[in-house]
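**Q** make a model of this:
(chains A and B)
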Amino acid sequence: DAKTTQPNSMESNEEEPVHLPCNHSTISGTDYIHWYRQLPSQGPEYVIHGLTSNVNNRMASLAIAEDRKSSTLILHRATLRDAAVYYCILRDEGETSGSRLTFGEGTQLTVNP
Amino acid sequence: DAGITQSPRYKITETGRQVTLMCHQTWSHSYMFWYRQDLGHGLRLIYYSAAADITDKGEVPDGYVVSRSKTENFPLTLESATRSQTSVYFCASTDGAANTEAFFGQGTRLTVV
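**A** As a prediction, the model looks like this:
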């Protein structure tokens, strides 16, 4: 399985943008980049995913490097409710095992009021 | 209501006892997963299933048994619980395509005394 590397923790101030990085230098051409987050005492929830192009949705934006070896999850205006662990995951379209959803340790985001 | 539900939410059991954690989803998703999350760590995959009667091991399968006789249910059994299996267990489901999101249950907090 292709691996991802994320910082253990990051801090942000409320109402400021947050850029959460993820490195995936061994990504294959058929790997989708997914982001999930886990709020305290809850199960993970989907945030966004992309393949090659940048993506936007109501929760966040995903910026994917041209060589696809890294990506950045962007929260445009952090709120206290965004404090969570954020996971960057690769899922391979070309393999059955790509549906396994393998998690790393993620990035603990702290949002200061 | 549509969704994915886990039961029980909390369970205390004694060492050596058999315990079964239930997971039910209403979307007819082909893939289902079981994870454990130890305090302060990320999710580790125990078992997953690609369809009814098809299951496969994840990263940490030892001490666990799964079955999938119906698409919507994916029970996880600890045949002889040990203290090291004290953890929060999450179930998830997805239709399997790498470009779709997965949905997670709220978790079962299991304590083995």
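
**Q** for the most centrally placed residue in chain B, give its distance to chain A.
**A** Nearest residue to the geometric centre of chain B (C-alpha atoms, centre = their mean): residue B:34, 3.0 Å. Going from residue B:34 to chain A by C-beta to the nearest C-beta, to the nearest Å gives 11 Å. Placement of C-beta: from N, CA and C, glycine included.

**Q** and the spatially closest residue to residue A:80 that is not a sequence neighbour, what pLDDT?
**A** Excluding its sequence neighbours, the residue lying closest to residue A:80 (C-beta to C-beta, 6 or more residues apart in numbering or on different chains) is residue A:111, at 5.3 Å. Confidence at residue A:111, expressed as pLDDT, is 97.

**Q** enumerate every residue touching residue A:111.
**A** Neighbour list for residue A:111: A:11-14, A:18, A:78-80, A:82-83 [criterion: C-beta atoms under 8 Å, 6 or more residues apart in numbering or on different chains].

**Q** can you do 6 Å?
**A** Residues near residue A:111 by C-beta atoms under 6 Å, 6 or more residues apart in numbering or on different chains: A:12, A:14, A:78, A:80, A:82-83.

**Q** surely it is within a strand?
**A** Yes. Using DSSP: H, G, I helix; E, B strand; the rest coil, the secondary structure at residue A:111 is a strand.

**Q** any idea how far residue B:81 is from it?
**A** Distance, residue A:111 to residue B:81, by C-beta to C-beta, to the nearest Å: 38 Å.

**Q** what does residue A:46 give?
**A** Taking C-beta to C-beta, one finds residue A:46 at 31 Å from residue B:81.

**Q** compare the two (neighbour count), which wins?
**A** Between residue A:46 and residue B:81, counting by other C-beta atoms under 10 Å in any protein chain shown, residue B:81 is the more crowded of the two (22 against 17).

**Q** confirm for me that the more buried one is in contact with residue B:13.
**A** Yes. Applying C-beta atoms under 6 Å, one finds residue B:81 in contact with residue B:13, separated by 5.3 Å.

**Q** got the residues of chain A near chain B?
**A** Taking C-beta under 6 Å from any C-beta of the partner chain as the measure of proximity, chain A contacts chain B at A:32, A:43-44, A:46, A:91-93, A:98-101, A:103-106.
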